[in-house]
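Engineer: Fold the following, please.
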Amino acid sequence: MKPSFISHLATITLVGSFLGLGQGVLLAQSQPGGLSTLPDFDYWADRCRTLAQADQLEQAIPACEQAIALRSGDKTLWILYADVLYRLGRYGEAAAAAKSALRYDDRNSEALTSRCRALLAIHQYEAAIAACAQALEVNENWGTLTPKLAWFKQGLALVRVGRAAAGIKAYDESLKLDPRQSGVLTHRCQALLQLETFEAAIGDCRQALDVDAQWGGQSPKSAWNAQGSALQMLKRLEEAVFAYDQSLRLDAKQPIIWAKQGLILRELDRDADALVAFTQAVQSKPDYTLALVNQCTLLNQFGQYDAALRACEAAIRGDGSWGPLGPAQGWDQQANALAGLRRLEEALASAERAVNMAPDYPTAWNNRGVILWSLQRYDDALTSVDRALELRQDYARAWFNRGRILRELGRYAAAARAYDEVIRLEPENALAWANQSAVLWQMKRYDLALRAADAAIDRQPSLALAWYNRGTALSSQGRYSEAISAFDRALELTPTDTGSLTGKGLSLVAIGEDEAAVPVLQQALRLNPNQILAQENLKQAAKRILLRQKEEQERKRQEQMKK
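Structural biologist: Numbering: from 1, shown residues only. The predicted model follows:
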């Protein structure tokens, strides 16, 4: 490691060996008679100041060091040197330089504040607090620095050590001296966030944005972000979305803010917008696990299973920034993507990993149950879904899946009770009403089946299944004309639905409309040749038509003979 100038001051030579060539520093000045002499202290000190003022900081360093080597007891040079080092990001050296100044004047508020801010930058918070406190207590010789800066830096250090309330008091002192400090107001807003004083935090961030001056190390995007966090905690979600939007307009490469925005948009049921937000987060940070797993989840919802699988695989390989569910969420969603691709055995393996990682994760147990249901392992599926319901009794999706599994097992009354629970939890769930209608029909409770189908239609008129179930219930009550109308509506929504085609064909047969029934049943069988009921009714209808045709021909023949 290269020794620091400060720790080896005594070993420094005055010119060439210390500075090296190419530093842009004059090594000698011509004198009368051809003699040369080294530049004196005033030359190096002036050069140090001039270069520092011109922000030529790298060039200023050797000049400052040369001046200090010539006169090490000059506190003002040590303070200037500390400032240059601080501005270059060489914070440890800056703290040491400020300490050297204090050896020659320990009641110098400028040196103490300079040391405070440098110590803060290298995370020596308690020492920084002490240095700023001493600067404020001494309160003299502030030089280029100010009491408002000392209060501010002390506040920052106090917040960093978990003393947010004390930090806010320090910020208040700084703001008393100058209320138009957007940077301090933003830090105060962030400290109030830590204390969960959200309304006050929002007020400070808004004031920072209104003032829009002296941002320091902060920026307007920081104020928008902190305001967004406070609004999010207060569940003022639309306002939070607006705040994050403002921040992202200022800087679109903020993956964490994109992810926060995505989570809020999901909470607002704006899933398409949420997917855009998570995609933006991933573009800014391709290994961002939190954004990737949420992207995977939404792609699964939209049926984009190939893309979902890629996102989940990337999430599992990513930076490990999982949400509260941990890696189990990634394996669970990967299972969903694989199931959507009909890679069911692989899906089950992923689902097993999810529940093994998080045995108390109801979503993973439910999704495992769905995969087992798809594999026709109904008893295992029921056990898995029941585990989800043990963990979360108000889990409507699990109750819905329980109903589907029980129906496959022929346990219609239990299935109806499961759908009752879904409807109790989600009265507007049209699909639950439609499925309830189906199990009630299988229990021969046709009036209730019809009511459930109508309830589904009221909630979602475009749900073809509900119209089909209405037609089935009406047909079972002998109300064939009404049933045909219901099947027609189902076929408008899904023209290739073999169930509705068959139902319509059977209803037409029931009212003696064989000629109309035949093409409908033929279409149903073209789509699904294995429908026995359609086959039998088509044969019978065709026979009756043929018989009627023969009877008509015979009648005409008899009439002709009479003539």
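
Engineer: how about low-confidence regions in this structure?
Structural biologist: Applying pLDDT under 70 to the chain flags the ranges 1-38, 563.

Engineer: Show the contacting residues for the residue most central in space within it.
Structural biologist: Residue closest to the average C-alpha location in the chain (Cα atoms, centre = their mean): Ala259, at 3.3 Å. With Cβ atoms under 8 Å, 6 or more residues apart in numbering as the criterion, the residues that contact Ala259 are Ala277, Phe278, Ala281, Tyr288, Leu290, Ala291, Asn294. Yep, even glycine has a C-beta here, placed from its N, CA and C like the rest.

Engineer: that's a strand at it, yeah?
Structural biologist: No: Ala259: not assigned to a strand; according to DSSP: H, G, I helix; E, B strand; the rest coil it is helix.

Engineer: mind checking how far stretch 219-228 is from the chain centre?
Structural biologist: 18 Å (Cα atoms, centre = their mean, to the nearest Å).

Engineer: which residues are in contact with that stretch?
Structural biologist: With contact meaning Cβ under 8 Å, 6+ apart, stretch 219-228 is reached by 182, 185-186, 189-190, 193, 201-202, 205-206, 208-209, 212, 240-241, 243-244, 246-247, 250-251, 254, 257, 260.

Engineer: Run through who's touching the helix or strand encompassing Phe487.
Structural biologist: Secondary-structure assignment from DSSP states H and E places Phe487 in helix 480-493. Residues outside helix 480-493 that contact it (Cβ under 8 Å, 6+ apart) are 462-465, 467-468, 470-472, 474-475, 497, 500-501, 503-504, 507-508, 510-511.

Engineer: Same question for stretch 179-191.
Structural biologist: For stretch 179-191, contacts defined as Cβ under 8 Å, 6+ apart pick out 148, 152, 155-156, 159, 164, 167-168, 171-172, 174-175, 201-202, 204-205, 207-209, 211-218, 220, 222-223, 226-227, 230.

Engineer: And the helix or strand containing Ala349, what does it pack against?
Structural biologist: Using DSSP H and E, Ala349 sits within helix 344-357. Other helices and strands packing on helix 344-357, by 3 or more Cβ pairs under 8 Å, 6 or more residues apart in numbering; DSSP states H and E, are helix 327-340, helix 362-374.

Engineer: now those as a markdown table including distance to Leu525?
Structural biologist: Compiled in a markdown table, the helices and strands packed on helix 344-357 are given as follows (distance: least, Cβ to Cβ, whole Å):
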| stretch | distance to Leu525 |
| --- | --- |
| helix 327-340 | 30 |
| helix 362-374 | 27 |
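
Engineer: could I get these as JSON lines with mean neighbour count and distance to Gln436?
Structural biologist: Output for those, formatted as JSON lines (neighbours: other Cβ atoms under 10 Å; distance: least, Cβ to Cβ, whole Å):
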{"stretch": "helix 327-340", "mean neighbour count": "25", "distance to Gln436": "25"}
{"stretch": "helix 362-374", "mean neighbour count": "24", "distance to Gln436": "18"}
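
Engineer: Tell me which of the ones you listed sits nearest to Arg87.
Structural biologist: Arg87 lies closest, by Cβ to Cβ, to one member of those: helix 327-340, at 43.3 Å.

Engineer: now the closest one and helix 344-357, what's the angle there?
Structural biologist: Helix 327-340 runs at 160 degrees relative to helix 344-357, counting by axes from the mean of the first three to the mean of the last three Cα atoms, to 10 degrees.

Engineer: From the contacts of helix 480-493, which land in strands?
Structural biologist: Taking DSSP state E, every one of the contacts of helix 480-493 sits outside strands.

Engineer: Make a PyMOL selection of the buried ones in the residues you listed.
Structural biologist: The buried residues among the contacts of helix 480-493 can be selected in PyMOL (16 or more other Cβ atoms under 10 Å) with this line:
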select buried, resi 463+464+465+467+468+470+471+472+474+475+497+500+501+503+504+507+508+510
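
Engineer: Tell me if I'm right that Cys312 and Leu298 touch.
Structural biologist: No: Cys312 is beyond contact range of Leu298, at 11.4 Å (criterion: Cβ atoms under 8 Å).

Engineer: Show me which of these two is the more surrounded one.
Structural biologist: A count of neighbours by other Cβ atoms under 10 Å puts Cys312 above the other of Cys312 and Leu298, at 28 against 24.

Engineer: what sits against the more buried one?
Structural biologist: So Cys312 contacts Leu292, Val293, Cys296, Gly330, Gln333, Gln334, Ala337 (Cβ under 8 Å, 6+ apart).

Engineer: tell me the SS of it?
Structural biologist: Using three-state DSSP, the structure places Cys312 in helix.

Engineer: Leaving out chain neighbours, which residue sits closest to Trp433?
Structural biologist: Ala456 (3.7 Å; Cβ to Cβ, 6 or more residues apart in numbering).
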